[in-house]
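Q: sequence and predicted structure are below.
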Amino acid sequence: MIDIQNEQDTREVPLQKVGVKNVRYPVQVLDKEKKTQTTSATVNLFVNLPHNYKGTHMSRFIQIFHNYHKDISMQNFLEMLEEIRTKLDAQRAFGRITFPYFIEKKAPVTGSEGMMEYICTYEGEVSPCAPATASATHSSGDTPQRPDHKFFISIKVPLATLCPCSKAISEYGAHNQRGFVKVKILYTNFFWIEDVISMIESCASTPLYSVLKRQDEKFVTEHAYDNPRFVEDVVREVYLGLKKMNFQWFTVEAETEESIHAHNAYAFAEFSATDI
């Protein structure tokens with residue numbers, strides 16, 4: 001049969017990204033407690049297209065992703081992108097998957113159980129022809145080539161803050177609000193999503209829970225009052241927590257829907273121990 005995608009294009013316009021977007025697919029990811037967790041991801045997969053190619057083979061993106069969807073772990077994500085790149089004869093491949101990650105969480109006093117949702121994103125890029133180190137040369141004297149890659153993991157964590165200024169100037173009470181922290185981390189070594197979430201929640205005035213009895217609500221309210229935080233405080237605390245976890249590059253942003261203002265409060269920070 002005629003393969004139109006493989007025909008030559010004479011317009012001399014290279015395309016930086018072509019592929020499939022907003023694919024909804026079941027995936028299985030690693031779970032620290034239960035080993036694996038099945039969830040549903042929104043998937044974007046792309047390659048670059050040289051000027052002389054008319055098109056790419058869209059179905060191959062899905063075929064390759066299907067082979068990985070039951071184990072789309074951090075370790076396998078870049079391997080999947082490299083397979084996409086090579087099988088589609090491209091110089092670069094890009095991927096982004098976003099999925100809800102669920103953790104069973106107990107209320108702080110009664111231990112009542114409920115599920116909390118956290119939004120996670122894997123985002124990566126692979127390309128060839130980064131020369132290896134001289135010590136890794138072949139016996140023939142040729143320098144081997146290794147794929148170059150970038151891989152980031154983002155985690156969005158809901159939380160609550162209580163305003164330090166409101167507490168300081170009020171005779172009783174203080175305004176509080178829900179918000180979130182989002183971190184984006186350069187992947188260099190394996191880590192558990194749960195460990196990052198736990199650290200982030202410890203930096204808030206209080207974590208959020210899906211189930212709270214009266215005893216729990218009393219505890220959470222008083223805990224928030226004893227731990228007032230501006231968004232600036234939250235970002236700085238998470239920043240220090242991520243540094244202690246030895247991440248080489250990351251960003252931290254916090255945003256809260258202010259309960260007595262008609263605007264949101266926001267703060268952002270970036271850390272880099274190396275060029276990326």
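A: Great, that's in hand. Because the structure is predicted, anything quoted here is derived from the model rather than measured. Residues are numbered from 1 along each chain as shown.

Q: with adjacent residues omitted, what lies nearest to Val235?
A: Ala267 (4.3 Å; CB to CB, 6 or more residues apart in numbering). Any C-beta I mention is one placed from the backbone N, CA and C, and that applies to glycine too.

Q: may I see the buried residues of the helix or strand that that neighbour is a member of?
A: Assigned by DSSP states H and E, Ala267 belongs to strand 264-272. Applying a neighbour-count criterion of 16 or more other CB atoms under 10 Å, one finds Ala265, Ala267, Phe271 buried in strand 264-272.

Q: residues making contact with it?
A: Strand 264-272 is touched from outside by 179, 230-232, 234-236, 239, 242-243, 247-258, with contacts defined as CB atoms under 8 Å, 6 or more residues apart in numbering.

Q: so which of those residues belong to helices?
A: Judged by DSSP state H, the contacts of strand 264-272 include Val231, Glu232, Val234, Val235, Arg236, Tyr239, Leu242, Lys243 as members of helices.

Q: number of nearby residues for the last one?
A: It refers to Lys243. 13 (other CB atoms under 10 Å).

Q: rewinding a little: nearest to Gln28, out of the ones in helices among the contacts of strand 264-272: which one, please.
A: Among the ones in helices among the contacts of strand 264-272, Leu242 lies closest to Gln28 (CB to CB), at 26.5 Å.

Q: give the contact list for the closest one.
A: Residues in contact with Leu242, defined by CB under 8 Å, 6+ apart, are Val183, Ile185, Val196, Met199, Phe250, Val252, Phe271.

Q: pLDDT at it, what is it?
A: As predicted, Leu242 sits at a pLDDT of 98.

Q: Pro108 belongs to a helix?
A: No - per DSSP: H, G, I helix; E, B strand; the rest coil, Pro108 lies outside any helix segment and is coil.

Q: how many residues are close by the residue nearest to it when sequence neighbours are not counted?
A: Distances taken as CB to CB, 6+ apart place Phe219 nearest to Pro108, at 5.1 Å, with adjacent residues excluded. By the measure other CB under 10 Å, the count of residues near Phe219 is 17.

Q: what helix or strand does Phe219 sit in?
A: For Phe219, the element it lies in under DSSP H and E is helix 214-226.

Q: likewise for Tyr118?
A: Element membership for Tyr118 (DSSP H and E) is strand 113-131.

Q: distance from the chain centre to the very next helix or strand once past that strand, please.
A: Next along the chain after strand 113-131, taking DSSP H and E as the criterion, comes strand 145-162. What separates the centre of strand 145-162 from the centre of its chain is 3 Å, taken as CA atoms, centre = their mean, to the nearest Å.

Q: tell me the angle of strand 145-162 relative to strand 113-131?
A: 150 degrees (axes from the mean of the first three to the mean of the last three CA atoms, to 10 degrees).

Q: in its sheet, what does the strand holding Ala267 sit against?
A: strand 249-257 (antiparallel) (DSSP bridges).

Q: other residues contacting stretch 67-81?
A: Stretch 67-81 has contacts (CB under 8 Å, 6+ apart) with 25-30, 36, 41, 64-65, 93-95, 97, 122, 124-126, 147, 149, 151, 153, 187, 190.

Q: if we use 6 Å, what do you get?
A: By CB atoms under 6 Å, 6 or more residues apart in numbering, the list of residues contacting stretch 67-81 from outside reads Tyr25, Val27, Gln28, Leu30, Ala93, Gly95, Tyr122, Gly124, Val126, His149, Phe151.

Q: now, of the residues you listed, which are buried?
A: Neighbour-count burial (16+ other CB under 10 Å) applied to the contacts of stretch 67-81 gives Val27, Gln28, Leu30, Ala93, Gly95, Tyr122, Gly124, Val126, His149, Phe151.

Q: A strand includes the first one, no?
A: Which is Val27. Yes - assigned with three-state DSSP, Val27 falls within a strand.

Q: just the buried residues of strand 264-272 now: which is nearest Thr86?
A: Once CB to CB is applied, the member of the buried residues of strand 264-272 that ends up nearest Thr86 is Phe271, at 33.5 Å.
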